[in-house]
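S.K.: task: produce atomic coordinates for the following.
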Amino acid sequence: MIFLFYILSALLIFLSFRSFRGGMAYLAYFKSELGRKPSAFTPFASIVAPCKGIDEGLEENLAALHRQTYPAYEVIFVVDNEDDPAVSVIEEISANYPQTKLVVAGRSVGSAQKIENLREAVLHLAGESRALVFVDSDVRPDENWLASLVAPLESAKVGASTGYRWFISRTPSFASETRSAWNASIASALGPNLKSNFCWGGSMAIRRDVFETLDIRGKWHGALSDDFTVTRAMKAANLDIYFVPQALTPSIESCSFTELIEFTTRQMKITRVYASILWKLSFFGSALFNITLLSALLIVLTNPIYSFSFVAAAITIILVTVFSIGKSHLRLKAVRLVLTQYEPELKRQLWTQNTLWLLAPAVFLYNAAAALLSRRMKWRGIQYELVSPTETRIISD
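M.R.: Residues are numbered from 1 along each chain as shown. Next comes the predicted model:
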């Protein structure tokens, strides 16, 4: 049995080192992208913002869309019901901006409500629109977000550009900071590799001609995940996905432990259906991490200090810890280069990001196991069942 531990230990150390190297590449990529000259590619853009209910800080989030340093664009807010509480907020902040539309999509019957909202919103684009930009209502982009996100679309090889989210809590809690650490590991999976990148629907841009040629609206029919559907379409068409560090957007909100588990498990259930290989790798990686480190700790506690097994276990714990903290430190350092206006909050995360990496794999393992047992999930008050990437069943609303 001890030989199995040695094998798992060697594998975990190798993967931890490779992850640390990935952190170095992540930071280098941020520095490289931030050093680029601003692009002159600024076609008329349409920002599509689906809304449902009142997110924490919703008014500030949506108002940020009207403060973009971009020559010409429109903002299309879309809801499923004209009585949605978000409507009053939208009308208030948009009163002085003529290039704003409010679209009511109606209730979805065979897709996620967000999907139905997006499918309706893209039918209301301005005729001169050449770039479609999608943003979630729970993120707060800075004034250069739109220009940065659209710029890579100038290349015909780029099918989509994407940012990602970074969770920040004004009033830190164990659950909120654990969610941030969990999410951070996904954020650092994006980088310079245009073929392995994925789209994130909360901060994503697509040229209008590409959107229409690939029939993204048609592909969205029956889906639950907008971004996984776009990612699959881009890869099928052999088009690049460009990660834009400047489009990393903060989600400024807190969560309870129940919300943490609901959010993370939903992401993994979606991943299982839309990208089963990633789900399997996450399942394996989180299981390897937890089993090996727990075994190493048990060996250290039960074996003489001079024994080979004790030394091997101790080395495993030390190296995995060093590489993991190193990765977290490099990742946070990269994020601080972009989200400069949140320096106090990110400085505070030095402690949580560099410690809660230890718990994130346990959450991932639970999420992966839950995804194995059920395809049902609750999202924005609606219960769904994921039948397939193209079929979503609404259980209750």
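S.K.: so where's this protein shaky on pLDDT?
M.R.: Along the chain, the model assigns pLDDT under 70 to no residue.
S.K.: go again with 90.
M.R.: The model of the chain has pLDDT under 90 over residues 1-3, 38, 54-56, 95-98, 106, 108-110, 170-171, 305-306, 380-381, 396-397.
S.K.: what about the strands in it?
M.R.: With strands called from DSSP state E, the chain shows them at 45-50, 73-79, 100-104, 131-135, 158-162, 165-168, 203-207, 240-243, 249-252, 376-379, 382-388, 391-396.
S.K.: neighbours of residue 218, just the number please.
M.R.: When counting by other C-beta atoms under 10 Å, one arrives at 11 neighbours for residue 218. All C-beta spots, glycine's among them, are computed from the backbone N, C-alpha and C.
S.K.: looking at the strands of the chain, which is nearest to residue 174?
M.R.: strand 165-168 (13.3 Å; C-beta to C-beta).
S.K.: what's the closest non-adjacent residue to residue 331?
M.R.: Counting by C-beta to C-beta, 6 or more residues apart in numbering, residue 188 is the residue found nearest to residue 331 once chain neighbours are left out, at 4.8 Å.
S.K.: residue contacts, residue 346?
M.R.: Counting by C-beta atoms under 8 Å, 6 or more residues apart in numbering, residue 346 touches 168, 332, 335-336, 339.
S.K.: what about it, distance to residue 251?
M.R.: According to C-beta to C-beta, to the nearest Å, residue 346 and residue 251 sit 13 Å apart.
S.K.: can I get the strands of the chain in CSV with mean neighbour count and distance to residue 304?
M.R.: Converted to CSV, the strands of the chain look like this (neighbours: other C-beta atoms under 10 Å; distance: least, C-beta to C-beta, whole Å):
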stretch, mean neighbour count, distance to residue 304
strand 45-50, 25, 61
strand 73-79, 24, 66
strand 100-104, 17, 70
strand 131-135, 27, 58
strand 158-162, 26, 52
strand 165-168, 22, 44
strand 203-207, 25, 54
strand 240-243, 23, 49
strand 249-252, 23, 49
strand 376-379, 16, 49
strand 382-388, 17, 51
strand 391-396, 15, 56
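S.K.: tell me, how many residues neighbour the nearest residue to residue 191 once chain neighbours are set aside?
M.R.: The shortest distance from residue 191 to any non-neighbouring residue, by C-beta to C-beta, 6+ apart, is to residue 29 (5.0 Å). Residues near residue 29, counting by other C-beta under 10 Å, number 18.
S.K.: wait, doesn't residue 29 sit right on residue 193?
M.R.: No. The pair residue 29 / residue 193 is not scored as a contact, 9.6 Å apart, by C-beta atoms under 8 Å.
S.K.: before we move on, back to that, JSON lines please, covering the strands of the chain and showing distance to residue 233.
M.R.: Putting the strands of the chain into JSON lines (distance: least, C-beta to C-beta, whole Å) gives the following:
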{"stretch": "strand 45-50", "distance to residue 233": "17"}
{"stretch": "strand 73-79", "distance to residue 233": "21"}
{"stretch": "strand 100-104", "distance to residue 233": "23"}
{"stretch": "strand 131-135", "distance to residue 233": "13"}
{"stretch": "strand 158-162", "distance to residue 233": "8"}
{"stretch": "strand 165-168", "distance to residue 233": "22"}
{"stretch": "strand 203-207", "distance to residue 233": "10"}
{"stretch": "strand 240-243", "distance to residue 233": "11"}
{"stretch": "strand 249-252", "distance to residue 233": "23"}
{"stretch": "strand 376-379", "distance to residue 233": "22"}
{"stretch": "strand 382-388", "distance to residue 233": "16"}
{"stretch": "strand 391-396", "distance to residue 233": "17"}
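S.K.: which of the ones you listed sits closest to residue 197?
M.R.: Closest of the strands of the chain to residue 197 is strand 240-243, at 4.1 Å (criterion: C-beta to C-beta).
S.K.: and the closest one, which strands flank it?
M.R.: Here strand 240-243 is paired, per DSSP bridges, with strand 158-162 (parallel).
S.K.: what angle separates the partner strand from strand 203-207?
M.R.: Here strand 158-162 runs at an angle of 160 degrees relative to strand 203-207 (axes from the mean of the first three to the mean of the last three C-alpha atoms, to 10 degrees).
S.K.: next, show the common contact partners of residue 346 and residue 251.
M.R.: Taking C-beta under 8 Å, 6+ apart as the contact rule, residue 346 and residue 251 both touch residue 168.
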